[in-house]
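Enquirer: How does the following fold in three dimensions:
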Amino acid sequence: MNNDELHDLAQRLRIDSIRAAAAANSGHPTSSMSAADLMAVLMARYLRYDYDHPENPNNDHLIFSKGHASPLVYAMFLAAGAISDADLLSFRKFGSKFEGHPTPILPWVDVATGSLGQGLPIGAAIALCGRELDRLPYRVWCLCGDSEMAEGSIWEAVDHAGAEGLEKLVAIIDVNRLGQRGQTMHGWDLNSYARRAAASGWNTIEIDGHDIAEIDRAYADAMSIDGRPTMIVARTIKGYGVKETANVEGKHGQPLKDPEEAYRELGEIDPIRVHVQVPDSSGSPHRFESDPSLALPRYELGGDPVPTRKAFGDGVAAVMQRRGDVVAIDGEVGNSTHLDEAQKVAPERYFEVYIAEQMMIASAVGFQVRGWTPFASTFAAFLSRSYDFVRMAVISQAKLCLNGSHAGVSIGEDGPSQMALEDLAEFRALGTSVVLYPCDPNQTVKLVADMADYDGISYLRSTRSGFPTIYGPDEEFPIGGARVVRESDEDQVALIGAGVTLHEALKAADALAAEGINARVVDAYTVKPIDVDTLVAVSAATGGRLIVVEDHWPEGGLGDAVLSAFADSDERPRVVKLAVSHLPGSGKMAELLADVGIDADHIAQAARRLVGLGPQIGSATAASAG
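Expert: Numbering: from 1, shown residues only. Have a look, this model is predicted:
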């Protein structure tokens, strides 16, 4: 296409963006109109993508970090011949795959990007994956809006990509000046973005984003750069080409009032079909050697206490040797989470993202786009900073294996800022997630292996301190299960714990046995999905007396998971919740467990009270937070 034809293509992309929003009577056409010239030149001259075969491993990746510009995404799909006009006009309608923000329900979309600030970090990860893992020459093009450039996650990505020298990454910043409610922080000050990126090692280019020739030269320059990513900072006009919307405040997220007039102003360009260049389909992503016959680590019963964080690292290292698709991503705490055990056996698949937890999760999301299985690990408390990335990963239908270590008051002297007393609730709240909380090393490594097979978000909580090994190395722990650790025919109460509290429950059961009170002890190592069948059977066997104890706030954790198991039951037990009762401070683990009311003594006291009340199965569930 010559420059005049590219101009017409851009105008047609604007027309189709307006048409989509008009059909839906909602959407973001003005945000799409500002970037139409940038995308027209890209798809006609530089993008390498086989829309008939989106699975082609050599395809470039185009990520709309400004996902609200979805009308432009779908207009490009139409111009490429990937979708029909009827598809475009189904935009935002119930049952349509062409949703308000693009998601991977469409085969040409890598990730969901409706939450601003996420596309560039994920794009950086895909570019790194191409160089270090796939070892293929595809490029990653990422369209960002100027509003999202205020997000810290964007600058985590800028630093990371600059330090890694990701020359196949091109960020295109659509600086249209207007955000949702007015001017953005920097308006049309292009250099405010460029100089920050340049300071992080990027090649930066400032252009007029509506000048076809300038756009073309910028892309050509980006293609010629070695050893540095490129940021193209383009001055554009929001709602460009139409008097009703061009640089007019208050038009964000609204269809045009007079689409027909807009079409006339844009030249009433007929539909245009673009023949996007198709990459070579030969070759395949690199994969590393593996040996599926290798055994998982084994820990001796009665041996020295082993922290589950150590077993987690050992487990990931073993799984990486067994499976060539597994990668490890660390947030600069690998010597504490023990993820560095994986680095020792597979350094080429170990990635350090430093103290940038949003970039850590984005890296995991980007790697799994390309078919890799990522394990990412940091202290559980710090995962809350990246929670929105995990939330969006659910919408992307991503496969992530996540570990949060050093959770709960059991970490001791570091104090409450490091304790993660809400992580179980956070991860339970994610659709289709799995939440695991092992209590010993043999259990941990088996769950790590199962996480690698789970097609979704899995989270494993690990502890800082070592505890006795209570399970043999040949025992199995399927996801969704629980384990009755101690039982008799005369059990009067059930003590349900996980992780550190399982060991406290065993101590309490010993104390109660000395008093003639038989307690059944249940290891609820799968917090989600909770093992309903086991809990129902335990309740029936113990007269409906259940005590749940967790190193977590009372809200949303193990106790609430157990309660949910009986939500539809006609025969409901009495469930007593012992959880962290108040804001803890620093101290020894034993001191803190006692202070917040979840140690063996408090468990035994609760059991005595509950047994003294007689049988508890009835029509309602009573719960008390310790």
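Enquirer: When you work out contacts or count neighbours from here on, use the C-alpha atoms and nothing else.
Expert: OK.
Enquirer: could you list every residue that touches the spatially closest residue to Pro554 that is not a sequence neighbour?
Expert: Leaving out its chain neighbours, the residue that sits closest to Pro554 by CA to CA, 6 or more residues apart in numbering is Ala579, at 5.1 Å. Listed by CA atoms under 8 Å, 6 or more residues apart in numbering, the contact set of Ala579 reads 549-554, 596-598, 625-626.
Enquirer: show me the contacts for the residue lying closest to Val532 once chain neighbours are set aside.
Expert: In space, and not counting its chain neighbours, Val532 is closest to Ala565: 5.2 Å by CA to CA, 6+ apart. Under the criterion of CA under 8 Å, 6+ apart, the neighbours of Ala565 are 530-532, 535-536.
Enquirer: What is the neighbour count of the closest residue to Gln277 other than its chain neighbours?
Expert: Of all residues not flanking Gln277 in the chain, Arg48 sits nearest, at 5.0 Å (CA to CA, 6+ apart). For Arg48, the count of nearby residues is 21 (other CA atoms under 10 Å).
Enquirer: And for Tyr299?
Expert: 21.
Enquirer: gap between stretch 192-204 and the chain center?
Expert: Distance of stretch 192-204 from the chain centroid (CA atoms, centre = their mean, to the nearest Å) equals 27 Å.
Enquirer: buried ones in it?
Expert: 193-194, 197-198, 200-204 (16 or more other CA atoms under 10 Å).
Enquirer: Would you format those residues as TSV with secondary structure and distance to Ser586 included?
Expert: Formatted as TSV, the buried residues of stretch 192-204 follow (DSSP: H, G, I helix; E, B strand; the rest coil; distance: CA to CA, whole Å):
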residue	secondary structure	distance to Ser586
Tyr193	helix	43
Ala194	helix	45
Ala197	helix	41
Ala198	helix	43
Ser200	coil	39
Gly201	coil	42
Trp202	coil	44
Asn203	strand	47
Thr204	strand	48
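Enquirer: Asp174: what secondary structure?
Expert: strand (DSSP: H, G, I helix; E, B strand; the rest coil).
Enquirer: List the contacts of the closest residue to it other than its chain neighbours.
Expert: Nearest residue to Asp174, sequence neighbours excluded (CA to CA, 6+ apart): Gly145, at 5.0 Å. Contact analysis of Gly145 by CA under 8 Å, 6+ apart lists 65-66, 173-176.
Enquirer: Ok, Asp16 next?
Expert: Asp16 makes contact with 71-72, 75, according to CA under 8 Å, 6+ apart.
Enquirer: cool, Ser32 as well?
Expert: Contacts of Ser32 by CA under 8 Å, 6+ apart are 14, 17, 69-72, 239.
Enquirer: Please flag which of those sit within helices.
Expert: Among those, the members found in helices (DSSP state H) are 14, 17, 70-72.
Enquirer: Among the residues you listed, which pair sits farthest apart?
Expert: Arg14 and Ser70 (11.9 Å; CA to CA).
Enquirer: Stretch 408-417: which residues count as buried?
Expert: Buried residues in stretch 408-417 (16+ other CA under 10 Å): 408-412, 415-416.
Enquirer: any idea how far the residue most central in space within the chain lies from Gly145?
Expert: Centroid-nearest residue in the chain: Val390, 2.5 Å away (criterion: CA atoms, centre = their mean). Look at Val390 and Gly145: by CA to CA, to the nearest Å, they are 22 Å apart.
Enquirer: Check His406 too.
Expert: Counting by CA to CA, the gap from His406 to Gly145 is 37 Å.
Enquirer: how deep is Ser293 tucked in, by neighbour count?
Expert: Going by other CA under 10 Å, the residues that sit close to Ser293 add up to 9.
Enquirer: Was I right to think it contacts Arg322?
Expert: Yes. Using CA atoms under 8 Å, Ser293 is in contact with Arg322, at 6.9 Å.
Enquirer: for stretch 368-380, which positions count as buried?
Expert: 368-370, 372-380.
Enquirer: Return the residues in contact with the residue nearest to Gln277.
Expert: Counting by CA under 8 Å, 6+ apart, Arg48 has contacts 59-60, 276-279.
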